[in-house]
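Novice: This is the structure alone, sequence omitted:
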């Protein structure tokens, strides 16, 4: 199984790769504890993501909630258009594109 994320602690940056869907989301949930990653701002880069489904959107919303509770800021870069469309349909686009 290939890794779907890399964490770069010096930059407080997570780079995601491949597909973020119901089959791979378990790797993110089990392997990436963002509450301990960075204290102020974390950047999650989607530039290498090929596909994201509703499980990926749910994960993003979970990350936003965790960050808010911890007083952190999370910034998403290179969000795929399919993810933005899904967020629009669900009425949560403003939560991930601030």
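Specialist: Thanks, I have it. As the structure is a computational prediction, the values presented were derived from the model and not from experiment.
Novice: Going along the chain, name the helices of the protein.
Specialist: Along the chain, the segments classed as helices by DSSP state H run 25-31, 54-70, 81-90, 93-96.
Novice: how about low-confidence regions in the chain?
Specialist: 1-5, 7-10, 33-37 (pLDDT under 70).
Novice: what's the closest non-adjacent residue to the residue minimising distance to the centre of it?
Specialist: Central residue check for the chain by C-alpha atoms, centre = their mean: the C-alpha nearest the mean position is that of residue 60, 4.6 Å away. Leaving aside its sequence neighbours, residue 60 sits nearest to residue 96 (C-beta to C-beta, 6 or more residues apart in numbering; 5.4 Å). Every residue, glycine included, has its C-beta placed from N, CA and C.
Novice: mind checking how far stretch 25-43 is from the chain centre?
Specialist: 9 Å (C-alpha atoms, centre = their mean, to the nearest Å).
Novice: any residues touching stretch 42-60, and which ones?
Specialist: Residues outside stretch 42-60 that contact it (C-beta atoms under 8 Å, 6 or more residues apart in numbering) are 11-22, 25, 28-29, 34, 63, 67, 72-80, 82-83, 86-87, 90, 92, 96.
Novice: Mind checking which of those residues are buried?
Specialist: Buried subset of the contacts of stretch 42-60 (neighbour count, 16 or more other C-beta atoms under 10 Å): 12-17, 19-20, 25, 28, 34, 63, 67, 72, 74, 76, 79-80, 83, 86-87, 92, 96.
Novice: Can you check which strand is longest in this protein?
Specialist: Criterion DSSP state E: the longest strand present in the chain is strand 41-52.
Novice: now the angle from it to helix 54-70?
Specialist: Strand 41-52 runs at 170 degrees relative to helix 54-70, counting by axes from the mean of the first three to the mean of the last three C-alpha atoms, to 10 degrees.
Novice: Tell me the strands beside strand 41-52, with direction?
Specialist: Take DSSP bridges as the rule and strand 41-52 pairs in its sheet with strand 13-20 (parallel), strand 73-77 (parallel).
Novice: quick one: buried residues of it?
Specialist: Quick answer for strand 41-52 (16+ other C-beta under 10 Å): 42, 43, 44, 45, 46, 49, 52.
Novice: Great, nothing more from me.
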